[in-house]
Structures are given as C-alpha cells and as structure tokens.
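Pasting a predicted model and its sequence here:
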Amino acid sequence: MSNINFSFISELEGGATCIGYVPDAENSKSGVTIATGFDIGQRSSEDLYKLLPNDIAAKLTLFCHLKGLTAQEALAKEPLKITAHEALIIDKCSKKHFVKLLQHRYNQHSPVPFEQLPEQAQTVIASVAFQYGNLAKRCPTFWRFVIEQNWLAMVNELQNFGDRYSSRRHQEADYFISGEQK
C-alpha cells in the first residue's frame, strides 16, 4: 500500500482538466494531456485499451505517440474534451497503474521497500516519476539518491535539478523538508 499524496501532485500538475492541451509544446516531449497530467503522447492505443474503459480509450487514441508541436497541431484540428466523470476514471486507472509500476521499479533496486518509505519520500519520488517516467533512465542521479534513501542528497538534487521546472522541483524539496521537520 502506498502513501503517496496525490493531492500535492495534482496541485503541481494544475489539477484535473477536461480540455486537452500540450504543455510547453515547443520545448518539451509532452503530448496531448488530459485529466491530471495524463500524457497521451507517451502511450500506444494498446496501452489505452488495457488501462481504460473502451469508450474513453477510443476518444484518446488519435493522440497516441504525438508529441510537441505535432501533438499541438493534431489538437488544433481535433480538439479533445472529456467529461469530469471521464477525467476521474482516467485519474483512477492511471494512478493505480502508475503506483504499481513505480513500486516495482523501486523495489527491484532498493533494500527498503517503497511501501515502507515516509509519505513525503513516496510523494516526492512519485511526483518526479509522474513527470519523467522511468527515473533510472531519465533522472539517474535523483534515482540513485532515492534508492539509497540519501534524503539530503535528494533534496540538494531537487534544488539544483537543472530542468525547465525548477519551481516544481523546489516545491517538491520543500514538501519533503516540511515532513522531515514533523
């Protein structure tokens, strides 16, 4: 059982949205995004049909594997709108899959199971993974610190991450530190 604070992550993601958008289309590898940070561009249609109810998956498949300006152009031609109920379903299904995958990856590399980490650690790790995916490949320095439970180095890494999202990384570091002081 995880102790991830998805409300915190949702705030960082800007909350659930029912209108598709492409975050930072010119500078990122993001695709059309819907619900709470659900990036369709990182998915295949097969993934969507395994993860979501068929009627929702069918609405999203047009945007599979499209990223950046290509995704933005597709969205301009075919705007994506879902209901609030569909956004909740997407969030529920994607969180379940996301947590299972994150726990599996973490537990393969760390002697301390993910489930035994403090809530703040689980939440910060999940927040970075929510944005970057496979942390071992995309953020290896951060990943090394978290699997070693080297929290001081992890906080320092967040504060000096060097990506386009320094505000988010600083909020994650502050969130972790606030939990450590309790």
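Perfect, thanks for sending it.

Tell me where the chain has strands.
Under the criterion DSSP state E, the chain contains strands at 17-21, 33-35, 38-39.

Could you list the low-pLDDT ranges of this protein?
Where the chain drops to pLDDT under 70, the residues are 1, 180-182.

Nearest the geometric middle of it, what residue?
Centroid-nearest residue in the chain: residue 130, 1.5 Å away (criterion: Cα atoms, centre = their mean).

in terms of contact, does it touch residue 98 like I think?
Yes. The pair residue 130 / residue 98 is scored as a contact, 6.9 Å apart, by Cβ atoms under 8 Å. Heads up, the C-betas are built off the backbone N, CA and C, glycines and all.

mind giving me a markdown table with the strands of the chain and columns for mean neighbour count and distance to residue 150?
Below are these laid out as a markdown table (neighbours: other Cβ atoms under 10 Å; distance: least, Cβ to Cβ, whole Å):
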| stretch | mean neighbour count | distance to residue 150 |
| --- | --- | --- |
| strand 17-21 | 17 | 35 |
| strand 33-35 | 26 | 32 |
| strand 38-39 | 25 | 29 |
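
What is the burial count for the nearest residue to residue 102 once chain neighbours are set aside?
Take residue 102 and drop its neighbours on the chain: the residue closest to it by Cβ to Cβ, 6 or more residues apart in numbering is residue 129, 5.3 Å away. Residues lying near residue 129 (other Cβ atoms under 10 Å) number 24.

Was I right to think residue 129 contacts residue 136?
No. In this structure residue 129 lies outside contact range of residue 136 using Cβ under 8 Å: 10.1 Å.
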